[in-house]
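In: everything below, folded, please.
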Amino acid sequence: MAGFSELIKNFNKIRDYMRDFYIYGFKSRTDFKAKSLRTYDNEKRRIESYLGEYMKWEYGSGGKKTIISLDSSIISQNPLYAAWKSKSFTSNDIMLHFYILDALSGGAYLSVSDLTDIICRKSEKIFDAQTVRLKCVEYANEGILISEKQGKTILYHLSSLYFEGLATSFPLLVDAMKFFMETAPFGVVGSFILDNEDLENDIFSFKHHYTVHTLEDGVLFDILSAIRKDIAIRIENVSERTKSTSYYEGIPLKIFVSLTTGRRYVCVYADKRKRFICFRLDYIKSVKQLEPTQNVVSLRKKLNDNLEKVWGVGFGGRSRIEFLSIKLFIDEKHEQYVIDRINREGRGGKLTRLDTNTFLYTKECYDTNEMAPWIKTFIGRIIALEGTNNTVIEKFYADIDKMHQMYCVEGVE
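Out: Next up is the predicted model:
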């Protein structure tokens, strides 16, 4: 029977476990249906082996639920980076790693045949030349080795690009790395570099720290690679609501990031449907690159022309453009900050003064339903709300009625 290992073989699997069972925190052990409960227990132990101090438990009607709980203002580094640093390997992998680097130290240029002879002699074990060749090709792709062809023979030598001495040579660059590894995509790269320098972030802390999104950096990398090369992609998308898997093809054009949640989306032009569609990165299971496309420049221009009508990431349904107006009471003398906020956050909407302390905000966009959370922040100032999407208007007033029933005592305002 295979023993338990804390190392990760399939990152997509660990990503699903972390998201569903620990980050969202809505599933318990009994909700796990994919495989055996023993598999669940093994994955749970694997995650807890490097996130143990951040694990919390709570009991509810569905049983015991485990979640990740942390205070972003006091952590020096995103703890979920540990998942990227727990790759599995065989005993041969680790042996070849050190023997290849040792054989090439000192500036040696060696062929696979010569490397194999040296490794077999030093290790007193038999290694097949093809095994050594595959490891050398892997390290060349990673940038650890450089391959050069001399005649019909390929020689390998160590890359001169490394990070030793980075802290002493470029201290300001290290400070910048400490900041961006917690705020920018692919921050785990900075974490690897600081680990190599035996350093950690001792400068910055963040009030709003969206740690969970590192789990989708692998998907993001594949999408950005396709965008850079103007290549169409096929997305494997899993619906969180129905648990069904769907496949979509399109041309990736832009990544959107929510300022509120940090959630990331890819905007794709679906050629068959002749429209732009956005997909949440944390729902994307995999990305496959297809063939190059020719009309990317015109599509990017078309997307930029459409962005002024986009509130969030929705590009509308059949009706396309929707209209919404909010009549507001704002004390002009004491509440200039409210006017400034609307102008700052209104995303191209128009604010018009109708009368003393009375203003009208109007906006055209593809999906006024996305405006609902922002609109509700003005409750207490809203005199009237009107728009072409009756569902949004009716829901707003229905929510107000429910609040009145819940919190207002009859006869008392």
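
In: which residues does the nearest residue to residue 229 once chain neighbours are set aside bridge with?
Out: Distances taken as CB to CB, 6 or more residues apart in numbering place residue 292 nearest to residue 229, at 7.0 Å, with adjacent residues excluded. For glycine as for every other residue, the C-beta is placed from the backbone atoms N, C-alpha and C. Bridge pairing for residue 292 (DSSP bridges) gives the partners residue 231.

In: from residue 279, how far off is residue 292?
Out: 21 Å (CB to CB, to the nearest Å).

In: residue 282 belongs to a helix?
Out: Yes: assignment of residue 282 by DSSP: H, G, I helix; E, B strand; the rest coil places it within a helix.

In: now the residue lying closest to it once chain neighbours are set aside: how far from residue 370?
Out: Excluding its sequence neighbours, the residue lying closest to residue 282 (CB to CB, 6+ apart) is residue 216, at 5.2 Å. Per CB to CB, residue 216 is found 21 Å from residue 370.

In: more neighbours: which of the two?
Out: Set residue 216 next to residue 370 and count neighbours by other CB atoms under 10 Å: residue 216 wins out with 20 against 15.

In: surely the more buried one meets residue 15?
Out: Yes: here residue 216 reaches residue 15: they are 7.5 Å apart, a contact under CB atoms under 8 Å.

In: list the contacts of residue 358.
Out: Counting by CB atoms under 8 Å, 6 or more residues apart in numbering, residue 358 touches 327, 328, 329, 330, 383.

In: next one: residue 146
Out: Counting by CB under 8 Å, 6+ apart, residue 146 touches 140, 156, 157, 158, 159.

In: between those, which has the most around it?
Out: Neighbour-wise, the contacts of residue 146 (other CB under 10 Å) top out at residue 156, 25 neighbours.

In: please point out which parts of stretch 205-215 sit buried.
Out: Buried residues in stretch 205-215, counted by 16 or more other CB atoms under 10 Å: 209, 210, 211, 212, 213, 214, 215.

In: for those residues, which one is nearest residue 52?
Out: residue 211 (16.1 Å; CB to CB).

In: distance of the closest one from residue 251?
Out: Taking CB to CB, one finds residue 211 at 31 Å from residue 251.

In: returning to what we had before: does the residue nearest to residue 229 touch residue 231 like I think?
Out: Yes: here residue 292 reaches residue 231: they are 5.4 Å apart, a contact under CB under 8 Å.

In: of the two, which one has the most company?
Out: residue 231 (16 against 11).

In: mind listing what the more buried one touches?
Out: 225, 289, 290, 291, 292, 293.

In: ok, and the most crowded of the residues you listed?
Out: Busiest of the contacts of residue 231 [other CB under 10 Å] is residue 293, holding 17 neighbours.

In: where does that one fall, phi/psi-wise?
Out: Per-residue torsions, residue 293: phi -120, psi 160 (degrees, to the nearest 10).

In: before we move on, the earlier item: which residues does the residue nearest to residue 229 contact?
Out: Counting by CB under 8 Å, 6+ apart, residue 292 has contacts 229, 230, 231, 232.

In: 7 Å - rerun?
Out: 229, 230, 231 (CB atoms under 7 Å, 6 or more residues apart in numbering).

In: okay, now residue 406: neighbour count?
Out: For residue 406, using other CB under 10 Å, the count is 7.

In: which strand or helix spans it?
Out: helix 390-407 (DSSP states H and E).

In: so where's this structure shaky on pLDDT?
Out: 1-10, 20-36, 60-62, 163, 317-319, 409-413 (pLDDT under 70).

In: ok, longest strand in it?
Out: In the chain, taking DSSP state E as the definition, the longest strand is strand 245-257.
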